[in-house]
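>>> Curious how this folds, go ahead:
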Amino acid sequence: MLEIEGLKKSFAGKPALRGVDFSVARGEIFGLLGHNGAGKSTTLGALLGMVTPDAGETRIDGIPVQRNRAQALAKVGAIFESPGFYDYLSGYQNLKLLTGYSGGVSRAALDEVVARVELDDRIHSKVGTYSHGMRQRLALAQALLPEPEVLLLDEPTDGLDPEGIKWFRDFILNLRAERGMTVLFNSHLLAEVEQMCDRVVILQEGRKVFEGSGADLEEDELILHLDLEPAELRSALAAQFGGRAAGEQLLLPKNTDIPALVTAAVEKGGRVREVRRVRRSLEDLYLQFSRKVSR
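Numbers count the residues shown, from 1 in each chain. As a prediction, the model looks like this:
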């Protein structure tokens, strides 16, 4: 459904994309992962025809965006960068006005989307009174009008609280289950793409350093932070459970029974103050995949 081939782009002589390639299948939820400045928004901008690449091409359902933008984007809904609305108008008036630029939609379609994003009780309030989360839902409503086949979302959960992030995640997963929607979204949150995406690309300084499934991002070992007295017991515990100690952390086989490990620590005369699982950060992934690329 989406194809990105050999995408290159520089701004003021500084490369933002360095030959990025990937494709997204119809009905797939696909994540672009990376820190700010990695090239995520530039890639999305090229897909939307808002950024002209120096080289390469983007296609939507086989239609080249750079050569036939209007036809390519006819199947697309998007939230790109900060969604802009007229604060002095109601949410409903904003939707009517903005969808009018592309031919307008029926009142029934508007009402259906408003209900879907759960803005029924505030849709006739001025947007200036909306919270950040409500603005994001209004932007999502706009992106879903009229009935796209593809959603392109630029950091859609940025600034949302945990409840808002969960609402967005459930919404997108249900949308794909009900309508077979293809979704591509940018994020710098590793946990977010792990929970939502079928596949993911990691960008670093404009380069693709990883492409694969969410399962490929899972740790191949269990990392535990163990606050324990006496500290020397960590090495003995690591050896007993087939792992190794590294400072206050234990690196253990993935299927290690954590309660059994705590029991063993106590039986050895240890005092366990804290035990918690440590998950890899985006920096850890960058280092891991960058080393693979450089070999």
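
>>> Going along the chain, name the helices of the stretch 1-150 of the chain.
40-47, 69-73, 91-100, 107-116, 132-143 (DSSP state H, counting those that start in this stretch).

>>> Nearest to Leu252 among those helices would be which one?
In terms of C-beta to C-beta, the element of those nearest to Leu252 is helix 40-47, at 33.6 Å. For every residue, glycine as well, the C-beta is placed using N, CA and C.

>>> what helices or strands is the closest one leaning on?
With contacts taken as 3 or more C-beta pairs under 8 Å, 6 or more residues apart in numbering; DSSP states H and E, helix 40-47 sits against strand 2-11, strand 14-24, strand 29-33, strand 55-60, strand 182-187.

>>> pull the CA atoms of the third one into CSV?
Pointing back at strand 29-33 there. What follows is strand 29-33, C-alpha atoms only, in CSV (Å, rounded to 0.1, in the frame of the first residue of the first chain):
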residue,chain,number,x,y,z
ILE,A,29,0.1,-1.1,11.3
PHE,A,30,3.6,0.1,10.7
GLY,A,31,5.8,2.2,13.0
LEU,A,32,8.6,4.6,12.2
LEU,A,33,10.7,4.8,15.3
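
>>> That one pairs with which strands, and in what direction?
Strands adjacent to strand 29-33 in the sheet, as given by DSSP bridges, are strand 182-187 (parallel), strand 199-204 (parallel).

>>> Residues contacting the first one, please?
The contact list for strand 182-187 (C-beta atoms under 8 Å, 6 or more residues apart in numbering) reads 1-2, 24-34, 40-41, 43-44, 47, 149-157, 172, 175-176, 193.

>>> and that strand, how far out from the chain's middle?
6 Å (C-alpha atoms, centre = their mean, to the nearest Å).

>>> same question, stretch 256-270
Offset of stretch 256-270 from its chain centre (C-alpha atoms, centre = their mean): 37 Å.

>>> Report the beta-bridge partner residues of the nearest residue to Thr256 once chain neighbours are set aside.
Nearest non-adjacent residue to Thr256, counting by C-beta to C-beta, 6 or more residues apart in numbering: Leu222, 5.1 Å away. Beta-bridge partners for Leu222, by DSSP bridges, are Leu252.

>>> How about the contacts made by Leu222?
By C-beta under 8 Å, 6+ apart, Leu222 lies in contact with Gly243, Leu251, Leu252, Pro253, Lys254, Asn255, Thr256, Ile258, Arg277.

>>> from those residues, which is closest to Gly212?
Gly212 lies nearest to Lys254 out of the contacts of Leu222, by C-beta to C-beta, at 17.7 Å.

>>> Ramachandran angles for the closest one?
phi -60, psi -30 (degrees, to the nearest 10).

>>> Look at it and report its pLDDT.
On pLDDT, Lys254 comes in at 85.

>>> Wait, it touches Glu221, no?
Yes - with contact defined as C-beta atoms under 8 Å, Lys254 reaches Glu221; the gap is 5.8 Å.
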